[in-house]
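# Just need the structure, nothing else, for what follows:
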Amino acid sequence: MNRYETVFILTPVLSEEQAKEAVKVYEDFISKNGGKITHNEFWGLKKMAYQIQKKSTGFYFLVEFENDGQLVQKLEVEFKRDERIIRFLTVKMEKDHVAFAEKTRRLKAAALTA
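The predicted structure is shown next:
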């Protein structure tokens, strides 16, 4: 199984609660289509470097998941159909990328507990 990382931006006109509900829909979509979510993060409302669809902010989310690759195309089609999604990017994580992401999370967690 391959591991993938998807970052997507939701429109800022949603409330934080509505944004989290939208993310839940995509997490369920991944699970129902044979994917296994390994990590997810809510980065919050952030200012973008440039305007997209006349919006300068958006809710950022990161989801890491494992699948055989067929799911990525289906997921991206769903992103394109959803008007709440203003941008998305999915990348395949190589072993070094996975190791770096896990190490970074461990260091971040250790810093928070210290």
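# Quote the end-to-end distance of stretch 28-43.
From its first residue to its last, stretch 28-43 covers 19 Å (C-alpha to C-alpha, to the nearest Å).
# Go through the chain and flag its longest strand.
For the chain, the longest strand by residue count, based on DSSP state E, is strand 36-52.
# Which residues belonging to that strand are considered buried?
With burial defined by 16 or more other C-beta atoms under 10 Å, the residues of strand 36-52 counted as buried are Thr38. For every residue, glycine as well, the C-beta is placed using N, CA and C.
# So for that strand, mean pLDDT?
Per-residue pLDDT over strand 36-52 has a mean of 92.
# Could you list the low-confidence segments of this structure?
114 (pLDDT under 70).
# Report all helices and strands that the helix or strand following the longest strand of the chain contacts.
For strand 36-52, the following helix or strand on the C-terminal side (DSSP states H and E) is strand 55-67. On a contact count with 3 or more C-beta pairs under 8 Å, 6 or more residues apart in numbering; DSSP states H and E, strand 55-67 meets strand 2-10, helix 16-32, strand 36-52, strand 85-93.
# Just after the last one, pick out the following helix or strand.
Moving toward the C-terminus from strand 85-93, the next helix or strand (DSSP H and E) is helix 95-113.
# what is the orientation angle of that following helix with strand 55-67?
Orientation check (axes from the mean of the first three to the mean of the last three C-alpha atoms, to 10 degrees): helix 95-113 against strand 55-67 gives 120 degrees.
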